Every structure is written in structure tokens, then in C-alpha cells.
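A.B. asks: Dropping a prediction and its sequence here:
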Amino acid sequence: MKIKTVVIPLFLFGFILSLVFAPTALAQKNKKGQEQKVIIIPKEVKDVFQEGLLTREARLDIPFTIKKHFYLPARENLHSIFIFTVKNEDLGFAPIEVPSEPQAQEKKEEEVQSVFEETPAKLRANAHVFLQFNMLEGDTPGELIKEVYIPVNMEIDGASYIPDEEGLYTTAYPLPPGDYILSMAITSRNLDKIGTQYFSFTLPATASFVEELETTPIFFCKNIERMSAPETRTEIHKEFFTYSILKIEPNMDNIFSPGDTLDILFFIFGTQPDDAGKFSIEIKYEVLKGEETVIRYAPQGYESPIVSQPLPMKKTVIIKTTKGEETTERKEQRDLEPGSYTLSLNIKDNISGKSLEKLIDFEVK
């Protein structure tokens with residue numbers, strides 16, 4: 001089966017490797033209203049972090065859950081993406097007031113009538129997020145590496161707002177390889193509510209992949225868009241994250257409907273360019289149901305170690321028709337039926353000869 005290959009241009013590959021974020025600071029003022037020394041995480045939040053850091057005991061003033069952690073290359077660092085769920089109402093969404101038009105302004109009849117039509121209000125979040133990264137020494141929190149403050153001020157359409165619904169949110173920050181524990185807090189604007197969670201994770205030393213290939217966590221995407229410019233500060237996003245100039249909406253549960261496309265994104269470590277600086281990578285994709293191969297795609301070639309590849313969930317079936325003593329065969333493309341499947345990737349670096357197999361489970365409902 002021939003499929004369309006999405007090639008991320010080499011200039012973007014270089015751009016991705018230069019990805020750097022600057023931490024945001026939170027200014028405080030003294031009693032006279034004069035701005036004092038800028039801090040990243042206020043003492044109230046630092047104290048709560050310290051109380052639960054050793055035991056990993058969360059504070060549930062604002063309950064939330066860190067669901068997954070992905071990473072992608074960013075220069076000498078790895079761009080760590082954290083996906084979490086929290087109730088929409090706990091981010092303090094409130095209506096944005098829009099100034100009304102002067103009463104004396106003359107309007108046409110159509111415009112006067114439109115004033116009485118209900119228009120969904122815009123809502124803006126009103127909360128803080130704080131990230132504290134400590135090295136892990138065994139299972140013990142060690143050196144403080146980074147503090148990050150993220151003001152949450154995203155806007156959403158009021159018509160789609162459900163207060164009690166758990167929304168899917170993301171944030172990201174580049175870090176060097178190592179073992180870490182993340183202390184994360186979501187707070188109300190005035191810090192009277194402070195919710196915390198702790199999350200341990202490891203970022204591999206990518207330079208160590210000399211004798212073998214390895215990949216970043218392979219994940220499915222619902223949508224990938226190109227932005228006009230990269231983000232230069234850490235943000236909170238709803239249902240997507242950004243990576244360099246890409247806006248990526250992940251498929252968190254690996255569940256698809258018949259007719260969907262398996263769109264994967266990942267980076268391959270340990271590949272080698274030729275003397276001209278070009279890569280030559282080949283990947284063979286198969287969809288398995290148990291031990292049976294259900295779909296076998298044509299091998300795909302790549303000139304960059306970052307791979308974005310859509311794979312249509314269409315299998316080829318042979319239809320046999322018998323008329324009298326004559327039997328004819330024809331091929332037909334059909335959607336993958338509901339069930340549990342595994343996507344197999346056989347990755348080969350044609351220059352070094354190194355290879356790697358990866359398996360990702362998914363479900364069609």
C-alpha cells in the first residue's frame with residue numbers, strides 16, 4: 001500500500017534543535033507599592049512544595065493529574081511536554097467584559113435587532129501554574145535545577161465551557177538529560193488555593209546512542225499545524241502543545257474510529273549522516289492483530305531523523321467470485337474493523353546499518 005510521506009524540512013530540523021525557552025518571573029511589591037526583587041515561585045507555594053516533596057503527597061485544594069510525559073529534541077536539551085487534566089472551573093474562567101456601544105449611536109434596524117441576539121461570551125482563565133524541577137538522586141530529591149512561573153490567561157468560547165468537565169491541558173519546558181522530579185502547582189489568582197502534584201521522569205543522554213538506535217516516545221497526533229513563529233515563553237495550552245513552529249494536538253488514549261488515520265510523530269536517536277550531511281532512514285510499518293499482519297505498508301524513506309507520518313487504516317481484502325466453474329478475484333480497500341491492534345515499526349539507518357523495532361498498541365472503536 002502506497003502512502004503519502006510527510007517530510008519535515010531539514011531547515012525545521014535545525015530550527016528545532018535551537019529551541020530555547022526563557023522562564024517567566026512573578027513580580028511582587030512591598031507595602032509602599034514599590035517593586036521588589038523578582039521571584040519565580042512565591043514562598044507560599046515553595047513551602048507547600050517542600051511539605052510534600054519527600055513523600056510525594058499531593059495537596060488537593062485544586063485537584064489535577066499529570067497524565068503523560070513526552071519529549072522531543074531541543075538543541076543540547078530535550079523539550080519535555082507534560083499533559084495534565086484539571087476541571088475547567090479550577091482555572092478560574094470568568095467572562096471578559098466587552099465595552100458596550102454608546103447609547104446615542106444611531107443604528108440600522110438590522111443592527112438594533114442584532115443587539116438582542118445572544119452571542120456566546122468569551123471567558124478568560126485566571127490562575128497561576130508553577131513548575132519546580134529537582135534532580136533525583138536515587139529516589140531522593142536533590143539539586144534544584146529550574147523554577148518556572150506560567151500565568152494562565154488563555155481565552156475560550158463561553159458556549160463550549162462546561163465548568164465540571166475535566167479539560168486536557170499541556171505545558172512544556174526544555175531540560176538537559178537526567179533524572180528529575182517535577183513539583184507542579186496550580187493556584188488561584190490570590191494563592192488562597194494551592195493544588196500540587198509530583199511527577200518523576202527521566203530524560204536520556206542522547207549522545208550515548210552510538211551503538212544503537214532509540215526513539216523519543218512515539219505518539220499519535222489528531223492534528224499538526226505550522227505556526228508563523230515559535231513560542232518564546234512557557235505557556236499553558238488546552239488540548240494541544242507547541243514544538244518549535246508546530247502546533248500539535250495529541251491523541252492521548254490511542255483510540256480511533258474506522259476510517260481515521262494513524263498519524264505518528266517521533267525522533268530517532270543514533271542515526272548517522274553521510275559525508276554530505278544527509279540522512280538515509282527506512283521504516284517498514286505493519287498493523288498487527290495478535291500475530292496476524294492486517295496491513296503492510298510500503299517502506300518509507302526519510303532524510304531527517306524527525307518523523308511525521310500519516311498511515312491510513314485501510315486494509316486490502318481479496319474478493320473471490322465464482323460463476324459456474326470460473327472463479328475470479330479482485331482487491332478491495334476496507335476500513336479497519338473495531339478491535340485492538342498493534343502498530344509495528346521496523347526502523348533501519350541505511351548509513352550505519354543499525355536497526356530498531358518499536359510497537360505501539362491502539363484501539364479502533
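C.D. replies: Yes, it's here. Just so it is clear, the structure is predicted and the values come from calculations on it, not from any experiment. Numbers count the residues shown, from 1 in each chain.
A.B. asks: Quick one: neighbours of the residue nearest to R189 when sequence neighbours are not counted, just the number.
C.D. replies: Once flanking residues are discounted, R189 sits nearest to N126: 5.1 Å by CB to CB, 6 or more residues apart in numbering. For the C-beta atoms, the positions are set from N, CA and C on the backbone; glycine is no exception. By the measure other CB atoms under 10 Å, the count of residues near N126 is 15.
A.B. asks: so what's N126 up against?
C.D. replies: Counting by CB atoms under 8 Å, 6 or more residues apart in numbering, N126 makes contact with L91, G92, F93, A94, V152, N153, S188, R189.
A.B. asks: my guess is the fifth one contacts N88, does it?
C.D. replies: No - taking contact to mean CB atoms under 8 Å, the distance of 11.5 Å between V152 and N88 leaves them out of contact.
A.B. asks: Where does pLDDT dip in this protein?
C.D. replies: Judged by pLDDT under 70, the chain has its weakly predicted residues at 1-20, 22-23, 25-37, 97-120.
A.B. asks: give me phi/psi at the residue nearest the centre of it?
C.D. replies: In the chain, the residue lying closest to the centroid (CA atoms, centre = their mean) is F241, at 4.5 Å. Note on F241: its backbone torsions stand at phi -130, psi 160 [degrees, to the nearest 10].
A.B. asks: now what about stretch 243-256, what contacts it?
C.D. replies: The contact list for stretch 243-256, computed with CB under 8 Å, 6+ apart, reads 12, 15-16, 19, 67-68, 70, 72, 79, 81, 83, 168, 172, 219-230, 239-242, 262, 265, 313, 360-365.
A.B. asks: filter these to the buried ones?
C.D. replies: Applying a neighbour-count criterion of 16 or more other CB atoms under 10 Å, the buried members of those are 12, 16, 19, 70, 72, 79, 81, 83, 168, 172, 219-221, 224, 230, 240-242, 262, 265, 313, 360, 362, 364.
A.B. asks: Is F199 bridged to anything, and to what?
C.D. replies: Beta bridges link F199 to L182 when assigned by DSSP bridges.
A.B. asks: sorry, back to before: so what's the backbone phi/psi at the residue nearest to R189?
C.D. replies: phi -140, psi 80.
A.B. asks: who touches I351 in this structure?
C.D. replies: By CB under 8 Å, 6+ apart, the neighbours of I351 are T271, Q272, P273, D274, F279, S280.
A.B. asks: Also V86?
C.D. replies: Counting by CB under 8 Å, 6+ apart, V86 makes contact with I62, P63, F64, T65, E166, G167, Y169, I186.
A.B. asks: And the buried ones among those, selectable in PyMOL?
C.D. replies: Once 16+ other CB under 10 Å is used to decide burial, the buried members of those can be selected in PyMOL as follows:
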select buried, resi 62+64+167+169+186
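A.B. asks: and the contacts of V86 as TSV, adding secondary structure and distance to F49?
C.D. replies: Converted to TSV, those look like this (DSSP: H, G, I helix; E, B strand; the rest coil; distance: CB to CB, whole Å):
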residue	secondary structure	distance to F49
I62	coil	14
P63	coil	17
F64	strand	15
T65	strand	17
E166	strand	23
G167	strand	24
Y169	strand	20
I186	strand	13
